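Novice: test case, fold it:
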Amino acid sequence: MTCQQNRKMRKRLAVFLILALIAGILPAGKGVPVSGAGGRGLKNPRKDSDGVVTWDCVYFGNYWQSDTNGDGEADKKDAKQPVKWRVLSVDGDDAFLVTDQNIDVQSYNSETADVTWETCTMRSWLNGYGREANAEGEDYTKDSFIGNAFSPLQYSAIYTTKVVNEDNPDFGTEGGNNTLDKVFLLAFGFPSSGEDTVVRESKNTEYVSDGGEIRDSEEEDEEGESAGLSDPWWLRSPGGSSEYPISVGIGGDVDKYGQATSGNSFTMVRPALHLKLSSDSAWSYAGTVSSDGKTTGEATPRPASEEAGSGLDNPRTDSDGVTTWDCVYFGNYWQSDTNSDGKADEKDARQSVKWRVLSVDGDHVFLVTDQNIDVQKYNSKDTTDSFVNNAFTSAERSAIMTAKVADEEDAVNNFSLSSTDNAAAGESKNTEYANTKVQEAWTSVSGDCKKNAVWWLQSPDNYSYFVPFVDLIAFVYQFGSYVSDHYVTVRPALHLNLSSVSGWSHAGTVSSDGKVAEQDA
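Specialist: Purely as a prediction, here's the structure:
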């Protein structure tokens, strides 16, 4: 090919790239909240007047990402952490997701060969297919991305997608047969933002920086640290030949000719999938990320370790009388206005529930919610719904221990609320969701109620129709309130078996002086 022909080819490719990416900028109805049960409050990506694109995010599955054991290297000896995904589009119960960061390092194919998406080893590794599914006869049934990242319950919540594999329109390279997969790579023309390459940049996790599946430590030492930096990542589309699939470069430019299928350790993996939002799948809302680098929402919670007690401590009080509690995330419940309609209600996405550790003994931990989580009567004939079913997956419910409930185990003793010196320990703030319900139930609610609120204890009073509660300044009203009062909030407690579920994670600490130490990402 002459230099002149090469320039003409590059010009045609540039024009094609711009048109293709503009055509796939954002799904129809961008930025419009999904109403009703479908969508669970998640929004499609939206672009503001300054060209900044914002994506909603969710946590789903767990994978190696950071150096959690402190040995100086992020590898498979570390604990897995919740995976953060960007929402590319949402349609009712179907959310189309791609990982927020490059999640691993893997060759497109284990050998340099003429392959398509159907026959490459990347597809088999992502989905856990056997040797018959790829050209190299590699067996990934026992070690795969999908097997390492998702529990059986989460696996069942991933839709099987018809993956369309189109030919390269310029080079004529065949895309091969369409496939049916749960996990796949994005194709050329995925939802992005035209010429704005920054929306296609993807940073590395520490695990990717330290080599992931294929990069060795010696090579990494020569290249230097790359955690948090942008690196190339694979698309599934064919490039200039069947040995060169397309990739997205470091600056977000698409390398239309592509990278060699094997023999390199510098092109990363960014999986995509379709998630069934209504499934009992332990996904949770993870805030937003924007193309200008801004992030909202919780930091990625750390996972539990496999040791008994998992590093959790009992509450402790210092010489100044300040009590500090370790905290964990467990389950998901409505808490904030995630769909920006001005009201925190059941149209919003559920978020990770933060619990205080009241006591820990090996794998047995006693928890109470950090905030008032809902508003309910102590006794009501309306029992069509339940907290435990709305907040926990079936796997999480199986990890909640059945406890013998005795008077001495209630919050009065655990928080020492009868002591005025420790009154701050019993103060509890409302979530936005609980505060909305308080105001709906008690329209004359005071400003203080928006900070703290009265919350039920379990202990009955001398009269069975009165139940004690903790007031705004943590004073315990032993005489109590009527069981049918509709403005008292709920602060659930439970006993959790730490070893029986992977759905909980560390959440830092809270103290009675108001200080909060969030767990590092």
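Novice: Ser290 and Asp56 touch, don't they?
Specialist: No - the pair formed by Ser290 and Asp56 falls short of the contact definition of C-beta atoms under 8 Å, at 10.8 Å. All C-beta spots, glycine's among them, are computed from the backbone N, C-alpha and C.
Novice: more crowded one of these two?
Specialist: When neighbours are counted by other C-beta atoms under 10 Å, Ser290 and Asp56 differ, and Asp56 comes out ahead with 28 against 17.
Novice: distance check, that one against Glu396.
Specialist: 23 Å (C-beta to C-beta, to the nearest Å).
Novice: ok, now how distant is Gln155 from Arg350?
Specialist: Just to correct that, residue 155 is Tyr rather than Gln. Here Tyr155 is placed at a distance of 21 Å from Arg350 (C-beta to C-beta).
Novice: the two - which one has more neighbours?
Specialist: For Tyr155 versus Arg350, the count of surrounding residues by other C-beta under 10 Å is larger for Arg350: 21 against 16.
Novice: how about that one, what does it touch?
Specialist: The neighbours of Arg350, taking C-beta atoms under 8 Å, 6 or more residues apart in numbering as the test, are Arg40, Ser284, Tyr285, Asn332, Tyr333, Trp334, Gln335, Asn390, Ala391.
Novice: three-state assignment of the closest residue to it other than its chain neighbours?
Specialist: Beyond its immediate neighbours in the sequence, the residue positioned closest to Arg350 (C-beta to C-beta, 6 or more residues apart in numbering) is Asn332, lying 4.0 Å away. Per DSSP: H, G, I helix; E, B strand; the rest coil, the local secondary structure of Asn332 is strand.
Novice: any idea what Asn332 is bridged to?
Specialist: The residues paired with Asn332 through beta bridges, assigned by DSSP bridges, are Ser352.
Novice: show the pLDDT at Ser144.
Specialist: In the prediction, the pLDDT value recorded for Ser144 is 95.
Novice: looks like it contacts Met122 (just checking).
Specialist: No - taking contacts as C-beta under 8 Å, Ser144 lies outside contact range of Met122: 10.9 Å.
Novice: between these two, which one's more packed in?
Specialist: Using other C-beta under 10 Å, the more surrounded residue of Ser144 and Met122 is Met122, with 25 against 17.
Novice: what mean pLDDT does the helix or strand hosting that one have?
Specialist: Here Met122 sits within helix 121-127, counting by DSSP states H and E. Taken as a whole, helix 121-127 has an average pLDDT of 97.
Novice: check which element follows that helix along the chain.
Specialist: Proceeding N to C from helix 121-127, the next assigned helix or strand is helix 145-149, under DSSP H and E.
Novice: right, and the helix or strand after that following helix?
Specialist: Moving toward the C-terminus from helix 145-149, the next element (DSSP H and E) is helix 152-156.
Novice: who's in contact with the following helix or strand past that next one?
Specialist: Next along the chain after helix 152-156, taking DSSP H and E as the criterion, comes strand 161-163. Outside strand 161-163, the residues that touch it by C-beta under 8 Å, 6+ apart are Trp117, Asn178, Thr179, Leu180, Asp181, Lys182, Phe184, Arg236, Leu273, His274.
Novice: taking those one by one, which sit in strands?
Specialist: Secondary-structure check on the contacts of strand 161-163 using DSSP state E: residues within strands are Thr179, Leu180, Asp181, Phe184, Arg236, Leu273, His274.
Novice: pull up the gap between the residue nearest to the second one when sequence neighbours are not counted and Asp345, please.
Specialist: Taking C-beta to C-beta, 6+ apart, and ignoring the residues beside it in sequence, Leu180 has Thr160 as its nearest neighbour in space, at 5.4 Å. Counting by C-beta to C-beta, the gap between Thr160 and Asp345 amounts to 33 Å.
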